[in-house]
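Engineer: Build me a structure from this.
(one chain, ligands or ions: 1)
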Amino acid sequence: MGGVFGICSNNECVTDLFFGTDYHSHLGTRWGGMAVFDGKQYTRVIHNIENAPFRTKFESDIPEMKGFMGIGCISDSNLQPIIINSRIGTFAVVTVGRINNKDELARQLTSENNVYFFEISGGSINDTELVASLICRKDNIPDGIKYAQRKIEGSMTMLISADGGLYAARDRLGRTPLFVGEKDNGEDGYCASFESFSYINLGYKTCHELGPGEIVFITPDKMTSVSGPLDKMKMCTFLWLYYGFPTSDYEGVNVEEMRYKCGQSMATQDIADGTGVKADYIAGIPDSGTPHAIGYANQSKIPFARPLIKYTPTWPRSFTPKDQSIRNLIARMKLIPISALIKNKKLLFVEDSIVRGTQLRGMMDELFSYGAKELHGRIACPPILYDCKYLNFTRSLIENEAITRKSIIKLEVADSIGDSRLAPYADPESKQYRNMVEDIRKELNFTTLKYHSLHSMLRSVGIDKCRLCTYCWNGKE
Ligand code: SF4
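Structural biologist: Modelled structure (predicted):
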């Protein structure tokens, strides 16, 4: 996915920019970047962060960077920030999102407007440079942002440093969040951020959460509206379920609290329909399943325990190499079992979601080899059936590698499966759904397996369900 952060201040801002951007490290694993403006020029630094955290990579750059205004990003897809010198001025941009009509837009820009693209990586045009080129089609930055928002299919949230301040623009359907924070009631500058917690320790307080498609302009002294929020919203539900950091609030709903509610709701459902198990312990698959498991344990009154512990001293962050076998090896090395909490025990594990399931299968086999008597699985969201087409995150690569798709292909005795045949598998009342879940249960070696229903998961978020994106579970736009 990725995250963005920006600062506009009367004072030196590099330290705040550095920490604020670093606090988005859980959202991406490939690139980190910062650009800072000192009133005359931009200084930009970009590093690959696949093998070392953002902080380690950028620490030595900090003394060289000076300025009172800057933007930063963590990105899985693009080298950014992009700095553009154009007829509407020099500006810097960072983005988070995905452009589905990229080829068409690039063709239009190159053929009709004689535009060049410089930042080509992996044979593909840089999304952020494409956004910058779209902005330059208009006579000023605000009109350019609105034009880019209209032209882009997909989802694109952006921060633009220009005109002596910072433009913050949320994507048109609000799939990703965007906040403005103020320091000393606006006396000491403003920041703009994907995550609402990233500026708290820097002394800022939230003063505004942007609505879908909304654009604001911040200067060191004030925030002004450029374009108001649109009515329709489809915010990514996965932010609460997995992606967002526990201390973040979106739409007034805290991430950690939503996860407890998810666990409570699954336990309540198990008790109501008689599928609860007499487990010795409730446990989370570390770390993302843990808050869901705490909620389940509190509600079921079965003790919470940690039979698997993540070795954090040398694995401080989510490192995701592209090679699946290396990922599996790292996942296994990170987790260490506690035999005393496993041997002869009946354990119920809660996980936020299952995509491929390969690591989960390895984990269950290992737990049985340590003498576990029963291993039950409860998943905090419904089966993931559809490929996310709105945000650029690793799950979008897995369409036919997802365990659900593999199971359906097996059950349908087909070579592949198109979206048009998936609807019955999204319906928990259907025979197809039951057969798929049973097949996944066997595949992952669980004693019992249940997924949270879509209805109950959305109720755990607690905002109007029409304002939440559920596409990856039910294929509905
Ligand atoms: S399809 Fe899923 S992951 Fe993608 S935006 Fe919607 S809820 Fe989020």
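Engineer: Over the top helix by length along the chain, what's the mean pLDDT, rounded is fine.
Structural biologist: In the chain, with assignment by DSSP state H, the single longest helix is helix 255-272. Averaging pLDDT along helix 255-272 yields 97.
Engineer: For the stretch 1-150 of the chain, which residues score under the pLDDT cut-off?
Structural biologist: Within the stretch 1-150 of the chain, the ranges that satisfy pLDDT under 70 run 113-123.
Engineer: Repeat the analysis, applying 90 as the threshold.
Structural biologist: For the stretch 1-150 of the chain, residues meeting the criterion pLDDT under 90 lie at 1, 28-30, 50-53, 76-78, 106-125.
Engineer: so what does the helix or strand following the longest helix of the chain touch, helix or strand wise?
Structural biologist: Using DSSP states H and E, the helix or strand that follows helix 255-272 towards the C-terminus is strand 281-284. Packing partners of strand 281-284 (3 or more C-beta pairs under 8 Å, 6 or more residues apart in numbering; DSSP states H and E): helix 290-300, strand 346-351. All C-beta spots, glycine's among them, are computed from the backbone N, C-alpha and C.
Engineer: Touching strand 281-284 from outside, list them.
Structural biologist: Outside strand 281-284, the residues that touch it by C-beta atoms under 8 Å, 6 or more residues apart in numbering are 289-294, 296-297, 300, 302-308, 341, 345, 347-351.
Engineer: Could I get the buried residue list for that strand?
Structural biologist: For strand 281-284, the neighbour count (16 or more other C-beta atoms under 10 Å) marks 281, 282, 283, 284 as buried.
Engineer: what mean pLDDT would you report for that strand?
Structural biologist: Averaging pLDDT along strand 281-284 gives 98.
Engineer: then that strand to CSV, C-alphas only?
Structural biologist: Output of strand 281-284 as CSV, limited to C-alpha atoms (Å, rounded to 0.1, in the frame of the first residue of the first chain):
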residue,chain,number,x,y,z
TYR,A,281,-6.2,-21.1,25.4
ILE,A,282,-7.2,-18.5,22.8
ALA,A,283,-4.2,-17.3,20.9
GLY,A,284,-3.5,-14.9,18.0
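Engineer: centre of the chain versus that strand, how much separation?
Structural biologist: From the chain centre to the centre of strand 281-284 is a distance of 25 Å (C-alpha atoms, centre = their mean, to the nearest Å).
Engineer: what do you get for stretch 207-224?
Structural biologist: 22 Å.
Engineer: what's the answer for stretch 289-301, then?
Structural biologist: On C-alpha atoms, centre = their mean, the centre of stretch 289-301 falls 23 Å from that of its chain.
Engineer: show me what contacts the residue in the stretch 101-250 of the chain that the ligand sits nearest to?
Structural biologist: Closest to the ligand within the stretch 101-250 of the chain is residue 236: 3.2 Å, counting by C-beta to the nearest ligand atom. By C-beta under 8 Å, 6+ apart, residue 236 lies in contact with 175, 176, 243, 390, 391, 469.
Engineer: That one bridge partners, please.
Structural biologist: Going by DSSP bridges, residue 236 is paired in beta bridges with residue 469.
Engineer: what's the distance between the residue of the stretch 251-400 of the chain found nearest the ligand and residue 156?
Structural biologist: Across the stretch 251-400 of the chain, the shortest distance to the ligand (C-beta to the nearest ligand atom) belongs to residue 388, at 3.1 Å. Distance check for residue 388 against residue 156: by C-beta to C-beta, to the nearest Å, it reads 15 Å.
Engineer: which parts of stretch 446-462 are buried?
Structural biologist: 446-447, 449-454, 456-458, 460-461.
Engineer: how long is stretch 280-289 from one end to the other?
Structural biologist: End-to-end distance for stretch 280-289: 18 Å, by C-alpha to C-alpha, to the nearest Å.
Engineer: Also stretch 457-468?
Structural biologist: 11 Å.
Engineer: Could you give the number of residues near residue 475?
Structural biologist: Residue 475 is flanked by 15 other residues according to other C-beta atoms under 10 Å.
Engineer: Next, it: phi, psi?
Structural biologist: For residue 475, the backbone dihedrals are phi 70, psi 10 (criterion: degrees, to the nearest 10).
Engineer: who's in contact with it?
Structural biologist: Residue 475 sits next to 385, 386, 419, 422, 423, 426 when contact means C-beta under 8 Å, 6+ apart.
Engineer: Distance check, the third one against the ligand.
Structural biologist: Read that as residue 419. 13 Å (C-beta to the nearest ligand atom, to the nearest Å).
Engineer: Can you report how many residues neighbour that residue?
Structural biologist: Neighbours of residue 419 (other C-beta under 10 Å): 11.
Engineer: Give the full set of residues in contact with it.
Structural biologist: Per C-beta under 8 Å, 6+ apart, neighbours of residue 419: 386, 475.
Engineer: Give me the pLDDT for it.
Structural biologist: Looking at residue 419, the pLDDT reads 82.
Engineer: For the residue of the stretch 101-250 of the chain closest to the ligand, give me the pLDDT.
Structural biologist: pLDDT, read off for residue 236, is 96.
Engineer: How are the helices of the stretch 101-250 of the chain distributed by residue range?
Structural biologist: Under the criterion DSSP state H, counting those that start in this stretch, the stretch 101-250 of the chain carries helices at the ranges 102-112, 127-135, 141-151, 238.
Engineer: Let me know the helix or strand that residue 91 is in.
Structural biologist: Applying DSSP H and E, one finds residue 91 within strand 89-99.
Engineer: Show me what from the chain comes close to the ligand.
Structural biologist: Residues of the chain lying near the ligand by C-beta under 6 Å from any ligand atom: 175, 236, 237, 238, 388, 390, 391, 469, 471, 472.
Engineer: mind listing what the nearest residue to the third one once chain neighbours are set aside touches?
Structural biologist: It refers to residue 237. Excluding its sequence neighbours, the residue lying closest to residue 237 (C-beta to C-beta, 6 or more residues apart in numbering) is residue 468, at 4.8 Å. Residues in contact with residue 468, defined by C-beta under 8 Å, 6+ apart, are 234, 235, 237, 458, 461.
Engineer: re earlier: which one of residue 388 and residue 156 has more residues nearby?
Structural biologist: Shown here are residue 388 and residue 156; by other C-beta under 10 Å, residue 156 has more neighbours (27 against 23).
Engineer: okay, the more buried one: pLDDT?
Structural biologist: pLDDT recorded at residue 156 is 96.
Engineer: thought it was touching residue 94?
Structural biologist: No - Residue 156 is beyond contact range of residue 94, at 11.1 Å (criterion: C-beta atoms under 8 Å).
Engineer: for residue 329, helix, strand, or coil?
Structural biologist: Put simply, residue 329 is helix when judged by DSSP: H, G, I helix; E, B strand; the rest coil.
Engineer: and stretch 460-473, what's its mean pLDDT?
Structural biologist: 96.
Engineer: Can you point out the buried residues in it?
Structural biologist: For stretch 460-473, by 16+ other C-beta under 10 Å, it's 460, 461, 463, 467, 468, 469, 470, 471, 472, 473.
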